[in-house]
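Participant: structural data only, the sequence is not supplied:
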């Protein structure tokens with residue numbers, strides 16, 4: 001996994017599709033999540049966290065598959081208080097569509113809205129919490145031969161589709177190679193077709209640009225080079241609150257199950 005390391009100025013949205021991830025941070029929060037759970041972490045002014053892969057199954061492989069999306073914060077929120085939230089798999093909406101030929105498309109709405117179905121709310125200082133940000137993080141799964149039309153987004157947004165599993169995707173009649181992405185027009189519907197005899201999956205990322213300069217170096221995402229240098233200086237001086245765990249790579253007990261312990265030490269066990 002990834003032993004303790006700092007972040008400032010942005011958010012991580014971690015979608016664990018297979019396996020589990022153990023989280024520990026400098027706020028004192030901890031979690032084990034996986035199997036479709038999503039963690040949303042606002043680094044804001046600065047946080048340390050560790051992301052470790054627990055070996056829960058003895059005598060066999062413990063595979064992990066995840067997406068981690070880095071979502072920028074606007075300048076006005078770059079120094080927000082860090083915030084940790086769990087979006088449990090059971091609370092994440094899934095919209096299912098069946099086309100005229102019986103093909104099925106399932107859209108998992110990890111962030112944003114599809115029709116009347118909305119994902120659990122993001123952290124309060126997130127760019128995604130702005131009503132006009134038009135943020136969407138969806139996975140789209142299609143059975144063999146399935147057809148589905150992606151509805152348009154708001155004018156001014158940007159939309160990327162990453163074809164990460166399978167072969168045989170066409171977008172508006174144009175073939176997309178496996179392991180490739182495509183930027184889509186947002187002001188018109190786009191037909192997706194699985195032309196293969198096997199399932200396919202895609203990741204959709206969408207949002208209105210913040211419209212500010214972006215300077216990223218290592219674990220920090222700020223607006224200027226001076227702010228990056230200040231982030232390193234602040235980290236060396238304060239360690240963003242320090243690390244209270246007994247090791248840099250803590251792993252929770254094997255029998256802990258899925259859980260989250262937040263700042264207020266409230267326990268949510270699943």
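Facilitator: Perfect, thanks for sending it. Nothing here was measured: the structure is a model prediction, and the numbers come from that model.
Participant: in the helix or strand encompassing residue 149, what counts as buried?
Facilitator: Following DSSP states H and E, one finds residue 149 within strand 147-150. Buried positions in strand 147-150, judged by neighbour count with 16 or more other Cβ atoms under 10 Å: 147-148, 150. (Each C-beta comes from the backbone N, C-alpha and C, glycine too.)
Participant: could you list the residues in contact with it?
Facilitator: Strand 147-150 has contacts (Cβ atoms under 8 Å, 6 or more residues apart in numbering) with 97, 99, 101, 103, 105, 140, 142, 184, 189-194, 204.
Participant: quick check: buried residues in the helix or strand just after that strand?
Facilitator: Remark: after strand 147-150, the chain's next helix or strand is strand 158-165, criterion DSSP H and E. Neighbour counts over strand 158-165 (16+ other Cβ under 10 Å) mark 159, 161-165 as buried.
Participant: adding distance to residue 243 and pLDDT, write those out as a markdown table.
Facilitator: Formatted as a markdown table, the buried residues of strand 158-165 follow (distance: Cβ to Cβ, whole Å; pLDDT from 0 to 100):
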| residue | distance to residue 243 | pLDDT |
| --- | --- | --- |
| 159 | 38 | 97 |
| 161 | 38 | 98 |
| 162 | 34 | 98 |
| 163 | 39 | 98 |
| 164 | 34 | 97 |
| 165 | 36 | 97 |
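Participant: make sure residue 246 is indeed in a helix.
Facilitator: No. Under DSSP: H, G, I helix; E, B strand; the rest coil, residue 246 sits outside any helix and is assigned coil.
Participant: for the chain, which segments count as helices?
Facilitator: 225-238 (DSSP state H).
Participant: what residue ranges in it are flagged as low confidence?
Facilitator: The chain contains residues with pLDDT under 70 at 263-270.
Participant: OK, contacts around residue 144?
Facilitator: Going by Cβ under 8 Å, 6+ apart, residue 144 touches 103, 194, 196-199.
Participant: which among those end up buried?
Facilitator: For the contacts of residue 144, a burial check counting by 16+ other Cβ under 10 Å picks out 103, 194, 199.
Participant: pretty sure residue 105 is in contact with residue 145, am I right?
Facilitator: No. Contact criterion Cβ atoms under 8 Å: residue 105 and residue 145 do not qualify, at 10.9 Å.
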